[in-house]
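Asks: For reference, the sequence and a predicted model appear below.
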Amino acid sequence: MILGMDIVIEGATVVTVDPRRWVLKNHSIAINDGRIVEIAEKITGDAEHVIDGRGKLAMPGLVNCHTHLPMTLLRGVADDLPLMTWLEDHIWPIEANLNANHIRAGSNLGIAEMIRSGTTCFSDMYWHTETIAGCVEKTGVRAALATPLLDVMGPDQRGRLLREGESTIKKFKGSDRITPFLGPHAPYTCSEELLLSVKDLAEKHDVGVHIHVSETEDEVENLVQSKGMRPFEYLDSLGLLNNRFVAAHCVWVTENEMEIMKKRGISVVHNPVSNMKIAAGVAPVPRYLEKGINVGLGTDGAASNNTLDMFEDMKIAALLHKVTSNNAQAVPADAALEMATIGGARALGLEGEIGSIEVGKKADIILLDLSAPHLTPLTNPVSHIVYAARGNDVSHTIVGGRILMDERDLMTLDEETVAREAAEQAKDLLEKSKTSDRLF
C-alpha cells in the first residue's frame, strides 16, 4: 500500500515496452513526485487525481527523435520538391528572416500538436534555441535541444554559433526536462574545422551530437568526391562517432559504414515520411535492426512531413519496409513501437528515465481512448497502437507526473491563442521573406 499519491490511473490496458514487453490487462499505475511508484491490478491508497483507465490503453509517451519544431509555421510551404531545391530556393531564404516571435509562435503550435498526439519528448535542432527552451519550460514537455552549427559562410559564423551552442549547454545541463545537444547540421554544411570543434566541445561538456547524415544520394557522392570517404567513414576518421552520436536519416549507407556505426554504438533516427516526401530514398532499417544498431523514430519538421503525429510515422515505418523488401516481417509492429519509445529514449541517453512504463522511471505516460470503431475489438494492443491508432485517439498526456492534457483538454496552452498567433507570425514571416510562398 502506498499512502498519498499524486495520480493513479485505474484499470487500463498497460503496454509497458519494458524489457519483458509485458502487456497488462486491467492494471493500475501509481505516480508520485513525478515517477511511477507502483504497477498493479489494484492499488490501495489516496491520490490527488484519479484517472479512469477503463476502456483506455496506457503506454509510454512517444519520443520524436528528430524534428525542427518552429517549422510548423512553414507547413505546406514548398511541397513536392527535392531536398536541395527545397532548402536553397525556399526554406533557407525564409529562415534568414526568422525572429524570436516567429520561433515562439511556431514552437507553441508544435508543442500543442505533439501533446495532442501523444509525444512527450522531442529532439530538436533549430535557430533561437533558448526561445524554444522557454516554450518547453512553460508547457511542461520534455526535450533535447541542439543549436544548429554550420559554417558555409565562413569562420565568423562558425565561432558565433559555437559560442551560442556552448551557452545553451551551460544554461541547461542538469535541467530536469531539457537535455542540451550540439547540432552540426550535416557533413556537407560543416567544415572539418567545425566538426573537430564540435568533437572537442562535446567531450568537454559530456553532451551528445545530433546531425543529419546521408539523407540523399547526391550529398554522399559529393562528399566522396571531396573527401575520398563516405559520410560515416569521414566522421569516424575525425573521432566524432560514439554512443552519444545521433544521426538523422541514414538512408544511403553501406554495409561497411553499418559496421562502423555498430562498433561506435551510434543511434540512427528513421524519418520515413519526410524521406518519402522529398524522395530521398528508403533507409535500410531492417539491416540496422538485424545488426543491433539502435533506431529511434522522428517526424522531421512539419514543413517536410507535414504533421508531427508520431502514430502516423510508426505505421508508415512498419509498412514501408515490408513493401520495399517484399517481406511482411521486415519491421514488425513491436519494432516500430520500440523505435518510437525506448529506442528514441536510448538515442537521447534517457533510457534509464523514460521510454517505458516501469517502477522508478519518470511518469511520461499517454492514454489512448479505445472507444473509437477503428480500435474495436482490442485483439492485439501493440498492433492497434502501430496499425490502427491515430494521434487524435490520445486522451491524456502526462510528463513527469504532470498532466498536460486531460480528457483531450490542453492544460498548459490556450489552443485558440496558439493557433491565432501562429497564423499571424507565419504571415509576417512569409511577407518579410518576399517569397512566392503565401498563406492561402
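Replies: Arrived safely.

Asks: all helices in the stretch 251-400 of the chain, in order from the N-terminus.
Replies: Here the stretch 251-400 of the chain has its helices, by DSSP state H, counting those that start in this stretch, at 255-264, 272-277, 285-291, 310-325, 333-338, 344-347, 381-383.

Asks: Out of those, which is closest to Asp80?
Replies: Among the helices of the stretch 251-400 of the chain, helix 272-277 comes nearest to Asp80, with 7.9 Å by Cβ to Cβ. Just so you know, the C-beta spots here come from the backbone N, C-alpha and C atoms, and that holds for glycine as well.

Asks: So what's the gap between stretch 388-408 and the chain middle?
Replies: Offset of stretch 388-408 from its chain centre (Cα atoms, centre = their mean, to the nearest Å): 16 Å.

Asks: before we move on, back to that, pick the most deeply packed of the helices of the stretch 251-400 of the chain.
Replies: With neighbours taken as mean count of other Cβ atoms under 10 Å, these reach their highest mean count in helix 344-347, at a mean of 29.

Asks: Least confident secondary structure element in this structure?
Replies: Using mean pLDDT, DSSP states H and E, helix 83-86 stands out as the lowest-scoring helix or strand of the chain, at a mean of 88.

Asks: In JSON lines, list the helices of the stretch 251-400 of the chain along with mean pLDDT.
Replies: Output for those, formatted as JSON lines (pLDDT from 0 to 100):
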{"stretch": "helix 255-264", "mean pLDDT": "98"}
{"stretch": "helix 272-277", "mean pLDDT": "97"}
{"stretch": "helix 285-291", "mean pLDDT": "98"}
{"stretch": "helix 310-325", "mean pLDDT": "98"}
{"stretch": "helix 333-338", "mean pLDDT": "98"}
{"stretch": "helix 344-347", "mean pLDDT": "98"}
{"stretch": "helix 381-383", "mean pLDDT": "98"}
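
Asks: Now tabulate the ones you listed in JSON lines and tack on distance to Leu98.
Replies: JSON lines is the format used below for those (distance: least, Cβ to Cβ, whole Å):
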{"stretch": "helix 255-264", "distance to Leu98": "33"}
{"stretch": "helix 272-277", "distance to Leu98": "20"}
{"stretch": "helix 285-291", "distance to Leu98": "33"}
{"stretch": "helix 310-325", "distance to Leu98": "25"}
{"stretch": "helix 333-338", "distance to Leu98": "34"}
{"stretch": "helix 344-347", "distance to Leu98": "27"}
{"stretch": "helix 381-383", "distance to Leu98": "40"}
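
Asks: burial count for Ile293?
Replies: Ile293: 22 surrounding residues under other Cβ atoms under 10 Å.

Asks: looking at it, Met276 is touching His321, isn't it?
Replies: No - using Cβ atoms under 8 Å, Met276 is not in contact with His321, being 11.8 Å away.

Asks: Common neighbours of these two, please.
Replies: Common neighbours of Met276 and His321 (criterion: Cβ atoms under 8 Å, 6 or more residues apart in numbering): Val282.

Asks: Which of the helices of the stretch 251-400 of the chain sits closest to Ser107?
Replies: Closest approach to Ser107 among the helices of the stretch 251-400 of the chain (Cβ to Cβ): helix 310-325, 17.4 Å.

Asks: For the closest one, C-alpha coordinates in CSV please.
Replies: C-alpha atoms of helix 310-325 as CSV (Å, rounded to 0.1, in the frame of the first residue of the first chain):
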residue,chain,number,x,y,z
MET,A,310,4.2,10.0,-34.4
PHE,A,311,1.5,7.5,-34.8
GLU,A,312,1.5,8.2,-38.5
ASP,A,313,5.2,7.7,-38.7
MET,A,314,5.1,4.5,-36.7
LYS,A,315,2.6,3.0,-39.1
ILE,A,316,4.5,4.1,-42.2
ALA,A,317,7.8,2.9,-40.7
ALA,A,318,6.3,-0.6,-40.3
LEU,A,319,4.6,-0.7,-43.7
LEU,A,320,7.3,1.0,-45.9
HIS,A,321,9.9,-1.7,-45.2
LYS,A,322,7.5,-4.5,-45.8
VAL,A,323,6.7,-3.4,-49.4
THR,A,324,10.3,-2.4,-50.3
SER,A,325,11.8,-5.7,-49.1
